[in-house]
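> what's the 3D shape of this:
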Amino acid sequence: MQSDFRKVLIVGSAPDALRTASWDTSFFSHIIVINNAWMACPSWNCLIFPDDFPIERHPCADTVKGKQIITSNEFVPIQNRFGGFVYTGGTMAFTAGYWALGALKPDVIAYIGCDMIYDAKPGQMTHFYGCGAADPLRVDVTLQSLEAKSSRLQALAGQNRCAIVNLSNQQNSRLSFPRMELQALEYMTQNPPIIRFNELAIQNTLLAESELGYMVSSGKYWETYEQFDSIKLKEIDALWLRIASQAVLGSDQIECR
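Numbering: from 1, shown residues only. Sure thing, here's the model as predicted:
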């Protein structure tokens, strides 16, 4: 296996995050856990969380020894480089993806436990620790379309020669990334399944974002909600969804299930 072929795992808090506890994750260069997911994935080496993540849910000092804690001091500047929170989407699943893309420069980013499906029946779990709040589905002008924000991340990752895949075995997912089995990812040493997007369409959509000018350098976009036009942002989302609908798997790439 090529040691310079970098694979990153991002773990969220959906019930299938618990699968990672029995995985051999040694082939990942970094394992990023979001918020509470450090409790589900013992092999993590990076923890990312927002400023309002309750202190009582942080791991103890002994647990974090030799590991990296990623706060807004680290992820806000990188997310701004990729357009800012209003366009990237104000939920940690996407924040973790953009941070990994910018800071780690991997060949592949794999997600697990980040499907953002919260329509569980009574008695079923929405998170590995029980039933939690559906944070990405809160009223938020940046999250009108999780699928559009997912497609945007995928397109910008492709520009950086990075593929994004979804290791979830759940029936439904709000992420648009190709599904892949862990074993297939483990043995991959080249030619990740990068989705080919129309480059001109990407540039035109990024230009439309720039012209709209919804950049909040602090990352605290909720403090200036009144300046954002939800209709215009929905139009931007529609552009990303259109780009995604016309994308194809590169002919030199391996097929995913």
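
> Could you check how far the closest residue to Asn35 other than its chain neighbours is from Gln170?
Here the nearest residue to Asn35 in space, its sequence neighbours aside, is Phe49; by Cβ to Cβ, 6 or more residues apart in numbering that works out to 5.1 Å. Every residue, glycine included, has its C-beta placed from N, CA and C. Distance, Phe49 to Gln170, using Cβ to Cβ, to the nearest Å: 23 Å.

> picking up where we left off before, now do the same contact list for the residue nearest to Asn35.
34-35, 58, 70-71, 92 (Cβ atoms under 8 Å, 6 or more residues apart in numbering).

> Can you pull the phi and psi angles for it?
Dihedral pair for Phe49: phi -160, psi 160, per degrees, to the nearest 10.

> Run a quick neighbour tally on the residue nearest to Thr224 when sequence neighbours are not counted.
Excluding its sequence neighbours, the residue lying closest to Thr224 (Cβ to Cβ, 6+ apart) is Val216, at 5.9 Å. The tally of other residues near Val216 (other Cβ atoms under 10 Å) stands at 17.

> which SS class is Val216?
The three-state label given to Val216 by DSSP: H, G, I helix; E, B strand; the rest coil is coil.

> Tell me which stretches of the stretch 101-250 of the chain form strands.
Using DSSP state E, counting those that start in this stretch, the strands of the stretch 101-250 of the chain run over 108-112, 163-166, 195-196, 248-249.

> Export the ones you listed to CSV and append columns for mean neighbour count and mean pLDDT.
Listed next are these as CSV, based on neighbours: other Cβ atoms under 10 Å; pLDDT from 0 to 100:
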stretch, mean neighbour count, mean pLDDT
strand 108-112, 25, 97
strand 163-166, 25, 95
strand 195-196, 18, 86
strand 248-249, 12, 75
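
> Show me the one of those that comes nearest Leu239.
Nearest to Leu239, of all those, is strand 195-196, at 16.2 Å by Cβ to Cβ.

> List the neighbouring strands of the closest one plus their orientation.
Partners of strand 195-196 in the sheet, by DSSP bridges, are strand 248-249 (antiparallel).

> What would stretch 218-232 look like as CSV? C-alpha coordinates only.
This file holds the C-alpha atoms of stretch 218-232, laid out as CSV (Å, rounded to 0.1, in the frame of the first residue of the first chain):
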residue,chain,number,x,y,z
SER,A,218,-15.9,35.4,12.3
GLY,A,219,-18.0,32.4,11.3
LYS,A,220,-20.8,33.6,13.5
TYR,A,221,-23.2,34.0,10.6
TRP,A,222,-26.3,33.8,12.9
GLU,A,223,-25.4,37.2,14.3
THR,A,224,-26.2,38.8,10.9
TYR,A,225,-29.1,36.8,9.8
GLU,A,226,-31.1,39.8,8.7
GLN,A,227,-28.7,40.5,5.8
PHE,A,228,-29.2,37.0,4.2
ASP,A,229,-31.9,36.5,1.5
SER,A,230,-33.1,33.0,1.7
ILE,A,231,-34.5,33.0,-1.8
LYS,A,232,-31.1,34.0,-3.3
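
> List the buried residues for that stretch?
219, 221, 228 (16 or more other Cβ atoms under 10 Å).

> need the contact list for the last one.
With contacts defined as Cβ under 8 Å, 6+ apart, Phe228 is in contact with 86, 141, 214, 221.

> at 7 Å instead, please
By Cβ atoms under 7 Å, 6 or more residues apart in numbering, the contact set of Phe228 is 86, 141, 214.

> In ChimeraX, how would I select just the buried ones from these?
In ChimeraX syntax, the buried subset of these is picked out as below (16+ other Cβ under 10 Å):
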select :86,141,214
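
> Mind pulling up the pLDDT for Asp16?
pLDDT for Asp16: 88.

> That's all I had, so thanks and see you.
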